[in-house]
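**Q** below are the sequence and a predicted model; questions follow.
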Amino acid sequence: MTDDASQNLQSSSVKRATREMYLPPERKIVAGGGTPHIVAKEFSIYYGEFEAVKKVSADILSKYVTAIIGPSGCGKSTFLRSINRMNDLIPSCHTTGALLFDGEDVYGKFTDEVLLRKKVGMVFQKPNPFPKSIFDNIAYGPRLHGVNDKKKLMEIVERSLRKAALWDEVCDRLDKNALGLSGGQQQRLCVARTLAVEPEVLLLDEPTSALDPKATAKIEDLIQELRGSYTIMIVTHNMQQASRVSDYTMFFYEGVLVEHAPTAQLFINPKDSMTEDYITGRFS
Amino acid sequence: MNLGTRKILDRSFTALGIGSIVIMALALMIVIVPIVTNGIGALFFTGTVEHRKMLFHEFKRGDSQKLTEESASAERYRAKVYEMLSGFEAELETMAPEKKREYQPKYTEVRTALQALLGPLPGDPEPMLTRFKYGQTRWEKAEAKLHDLLYEVKWDNSDPNVMSKEYFVSRAISFEGTSLVKLFPYVENNISKMLLPEFTFYWGFITDSSVDSHFFGGIWPEIQGTFFLAVGAMLFAFPLGVIAAVYFTEYARPGFFNSMLRSANSTLAGVPSIVFGMFGLAFFINTLKVSESKSVIAGALTLAIMILPTIIRAAEEAILAVPKTYREASLSLGSTKWNTIVTVILPAALPGILTGGVISLGRAAGETAPIIFTAAVSVGSAIGLADVFSSPTPALSWNIYNLASEHEAAAQIRHVQYGMALALVSIVLLLNLSAIVLRARISKKLKG
């Protein structure tokens, strides 16, 4: 861990004490959490010349749920996808500043992005199961990372599906094609598939925008279940959802991180007038 | 534009579309129907006892006891013909010299026509070519030969302004007053007893080798040669094409070099096939010396180069059609790029890649020009798998052309030409059909 990061760790643990005052009482107990897991320092992301995310500095706390809100095109998805380097798929994308994951530079010269993505799992806007069986979908990650024992794979599949609250619905048809599931089930399958790799961080990029309210509720329940075990970051357009599921909320506007605060504080007593305008619906 | 005009325009466009489809279907029918009807004639026809004799002697196939009985019964009727011939020959010896000079060439013509109809006559020397060892094997051709025997062709040149017209004169009239005059009505009345026609299904047309440059026998060497060439071309072109497509879609960085490669690929797809043939000869045989001269391997390589652009294009399209989300999902689980390509992208693109492959296979099977220079011979026996590196092979596409245009007796083996065309069309159709089925099955499996 670099000096900078450890310094940051100290300062943020002081801040944390103050932040926790704003949290609703039932959200205060977090197992083993509290240290910053992801740290951004003057972090900017460019698409060619265009600066999509502007000099963001923030600490994302370990084992908390952090929601990212903001109007369309404000850079929230770009920021989320930069954490596990999914933006590498866009050739013109490059970054400045520092983004640290567990104290290590995500964009460092010697960073293995494959290893990083194993630790930082992601669930996308649209459910994207592979056109394979349910079993093979979940077992895809473990197989990649060297688990080939059928019994062990079965254990992992069951554990992951149980965590994603999908086991009871699919346990009798694991060999059926995953594309035959409903949209909500598919999205929970994607969560299970990500959990099977045993990541430390779960990035959710508008995970419920393609789902109906019932499926959305299930995903939100799932986030509540997983809270405390994983560092979760969720990008959402739905402010009710952000306030329901998250401990902390980041508000982005035109690439700038306007406000980053405990969710209750941000929604009840925002410091910035722009945040207030946004959450009260004066612009979107 | 008001509603009425729009409706009229809609209707007239529909009519135009239907019209063009009907014209296309008609054109297709005009091509396909004769090929099918005539081609089937190579397999199903009315065969004579001569056909059964030929099968027995050349391919050791058939019921020998039945054949002996049939031959004996046919010979009983033929014996009378032979008797008349020898009777006339004796009569010819007793004739006055100028009369003999008049009848001798006419008699030779009759003998030749009879030989064509019934096979070698008693006293003839053993023919060198197999085609002369048997009479007419097919009934419809026997009927034509009978006509040749009964009528002499004459040409009417009386009017110099009109093309000379043919007309037929009965041979019986020219033999009026001799003992041979009885021969013509006898043959005409008893021809079916001499040849014993019966309905024949000659499946050997597919599986037999040809005898005496396709006078008898089947087209197996051509079918096998086509198979070797097409499959050989696929063995080279398919892996190369898929690898190239993966490179283009996944690894190549957009830029001058990449766009050059792509346009080179498109240009290659438009090169006339005869140029590929010359290239194959110059490069694979003369420069690389993959074989001494024409060989299956040289032909397969040439065909491979020819179908490569199509396979690359199809595979590229198929890979690009794989949703980006699959790639994202795989990468986000900590998969490497290579692993993502092998385990997610290629399986999802498989239907498209295979369709392109099978259609290319059909094209390789049907292409003529590239193999003229590199692999095809007009007549030959089926080669073994070990010979593909050294020997050329007959192939359907080339032999259809060869038999129809360069064969010394092209008019007599029409049924073989049509049979070959039908075989080629069926092979290509079957391949395309299997591509459709394969695609549907894999897509269904992928969709769940």
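**A** Structure's in. What do you need?

**Q** who are the contact partners of the residue sitting nearest the centre point of chain B?
**A** The residue lying closest to the centre of chain B (CA atoms, centre = their mean) is B:Met420, at 2.0 Å. Contacts for B:Met420 (CB atoms under 8 Å, 6 or more residues apart in numbering or on different chains) come out as B:39, B:219, B:222, B:396, B:399-400, B:403. (Glycine included, C-beta is placed from N, CA and C.)

**Q** tell me the one among these nearest to chain A.
**A** B:Leu396 (38.5 Å; CB to the nearest CB).

**Q** burial of the closest residue to chain B within chain A, as a residue count?
**A** Among all residues of chain A, A:Asn177 sits closest to chain B, at 2.6 Å; criterion: CB to the nearest CB. Neighbour count for A:Asn177, taken as other CB atoms under 10 Å in any protein chain shown: 20.

**Q** surely it is in contact with A:Pro131?
**A** Yes. The criterion here is CB atoms under 8 Å, and A:Asn177 meets it with A:Pro131 at 6.6 Å.

**Q** and the helix or strand hosting B:Gly362, how far from the chain's centre?
**A** Element membership for B:Gly362 (DSSP states H and E) is helix B:346-366. Helix B:346-366 sits 24 Å away from the centroid of its parent chain (CA atoms, centre = their mean, to the nearest Å).

**Q** same question for stretch B:208-218.
**A** 13 Å.

**Q** let's see the distance spanning it from one end to the other.
**A** End-to-end distance of stretch B:208-218 (CA to CA, to the nearest Å): 4 Å.

**Q** pull the residues that contact that stretch.
**A** By CB under 8 Å, 6+ apart, stretch B:208-218 touches B:54, B:58-59, B:129-131, B:134, B:137, B:202, B:204-207, B:219-221, B:378-379, B:381-382, B:403, B:407-409, B:412-413, B:416.

**Q** one more pass at 6 Å, please.
**A** Residues outside stretch B:208-218 that contact it (CB atoms under 6 Å, 6 or more residues apart in numbering or on different chains): B:54, B:58, B:129-131, B:204-206, B:220-221, B:379, B:381, B:413, B:416.

**Q** and stretch A:238-246, by the same measure?
**A** For stretch A:238-246, the surrounding residues in contact (CB under 6 Å, 6+ apart) are A:65, A:67, A:69, A:220, A:223, A:236, A:249, A:263, A:267, A:279.

**Q** for these, which two are the farthest from each other?
**A** Within the contacts of stretch A:238-246, A:Ile223 and A:Ile279 form the most distant pair, 20.0 Å apart (CB to CB).

**Q** does B:Pro34 lie in a helix or a strand, and which?
**A** Using DSSP H and E, B:Pro34 maps to helix B:3-40.

**Q** in that helix, what counts as buried?
**A** Of all the residues in helix B:3-40, those buried under the rule 16 or more other CB atoms under 10 Å in any protein chain shown are B:35-36, B:38-39.

**Q** please apply the same query to stretch A:262-270.
**A** Of the residues in stretch A:262-270, A:262-267, A:270 count as buried by neighbour count, 16+ other CB under 10 Å.

**Q** need the residues of chain A near chain B, please.
**A** A:114, A:117-118, A:122, A:128, A:130-131, A:141, A:144, A:177, A:179-180, A:197 (CB under 6 Å from any CB of the partner chain).

**Q** can you name the residue of the stretch 101-250 of chain B nearest to chain A?
**A** Residue nearest to chain A within the stretch 101-250 of chain B (CB to the nearest CB): B:Glu250, separated by 11.1 Å.

**Q** so who does the residue nearest to B:Leu301 when sequence neighbours are not counted touch?
**A** Closest residue to B:Leu301 apart from its sequence neighbours, by CB to CB, 6 or more residues apart in numbering or on different chains: B:Phe284 at 5.1 Å. B:Phe284 sits next to B:290, B:298, B:301 when contact means CB under 6 Å, 6+ apart.

**Q** let me know the closest of those residues to chain A.
**A** B:Leu301 (35.6 Å).

**Q** that closest one: which element?
**A** Element membership of B:Leu301, judged by DSSP H and E, is helix B:296-320.

**Q** check which residues of that helix are buried.
**A** For helix B:296-320, by 16+ other CB under 10 Å, it's B:296-319.

**Q** care to break chain B down by domain?
**A** B:50-201, B:220-446 (automatic domain parsing).

**Q** which of the ones you listed sits closest to A:Asp88?
**A** Proximity to A:Asp88, assessed across the domains of chain B by CB to CB, is greatest for domain B:220-446 (8.4 Å).

**Q** how far does that closest one sit from the chain's center?
**A** With CA atoms, centre = their mean, you get 20 Å for domain B:220-446.

**Q** could you do stretch B:140-153 as well?
**A** The chain centroid and the centroid of stretch B:140-153 are separated by 27 Å, computed with CA atoms, centre = their mean.

**Q** residues contacting that stretch, please?
**A** B:48, B:113, B:116-117, B:136, B:166, B:168-171, B:184, B:191, B:195.

**Q** among these, which are in strands?
**A** If you go by DSSP state E, the contacts of stretch B:140-153 have B:166, B:168-170 in strands.

**Q** distance of B:Leu446 from B:Val342?
**A** Going from B:Leu446 to B:Val342 by CB to CB, to the nearest Å gives 16 Å.

**Q** who's more crowded, the two?
**A** Ranked by neighbour count (other CB under 10 Å), B:Leu446 and B:Val342 place B:Leu446 first, with 16 against 13.

**Q** quick one: pLDDT of the closest residue to that one other than its chain neighbours?
**A** In space, and not counting its chain neighbours, B:Leu446 is closest to A:Pro131: 4.0 Å by CB to CB, 6+ apart. Per-residue pLDDT puts A:Pro131 at 89.

**Q** using the three-state scheme, assign A:Pro131.
**A** Secondary structure state of A:Pro131, per DSSP: H, G, I helix; E, B strand; the rest coil, is coil.

**Q** mind listing what it touches?
**A** Residues counted as contacts of A:Pro131 (CB under 6 Å, 6+ apart) are A:179, B:348, B:446.

**Q** show me where the chain has strands.
**A** No chain was given, so I picked chain A. A:36-47, A:50-61, A:65-69, A:93-101, A:104-105, A:120-123, A:201-205, A:231-235, A:248-253, A:256-262.

**Q** if you could check chain B rather than the one you did, that'd help
**A** Using DSSP E, strands in chain B cover B:44-47, B:151-156, B:165-170, B:198-201, B:210-211, B:216-217.

**Q** name the helices or strands packed onto the third one?
**A** Strand B:165-170 makes packing contacts with strand B:151-156 when contacts are defined by 3 or more CB pairs under 6 Å, 6 or more residues apart in numbering or on different chains; DSSP states H and E.

**Q** identify each buried residue in the strand it packs on, please.
**A** In strand B:151-156, counting by 16+ other CB under 10 Å, buried: B:151-152.

**Q** quick check: mean pLDDT across it?
**A** 87.

**Q** next, the angle from it to strand B:165-170.
**A** 140 degrees (axes from the mean of the first three to the mean of the last three CA atoms, to 10 degrees).

**Q** just curious, which of the buried residues of helix B:3-40 is nearest to B:Lys7?
**A** Comparing those against B:Lys7 with CB to CB places B:Val36 closest, at 41.5 Å.

**Q** thinking again about what came up before, tally of neighbours for the residue of the stretch 101-250 of chain B closest to chain A?
**A** Neighbour count for B:Glu250, taken as other CB under 10 Å: 14.

**Q** go on, A:Thr96?
**A** For A:Thr96, using other CB under 10 Å, the count is 12.

**Q** wait, doesn't it sit right on A:Ser44?
**A** Yes. Taking contacts as CB atoms under 6 Å, A:Thr96 lies within contact range of A:Ser44: 4.7 Å.

**Q** per-residue confidence for the residue nearest to the spatial centre of chain A?
**A** Geometric centre of chain A, nearest residue: A:Leu203, 2.2 Å, by CA atoms, centre = their mean. Looking at A:Leu203, its pLDDT is 93.
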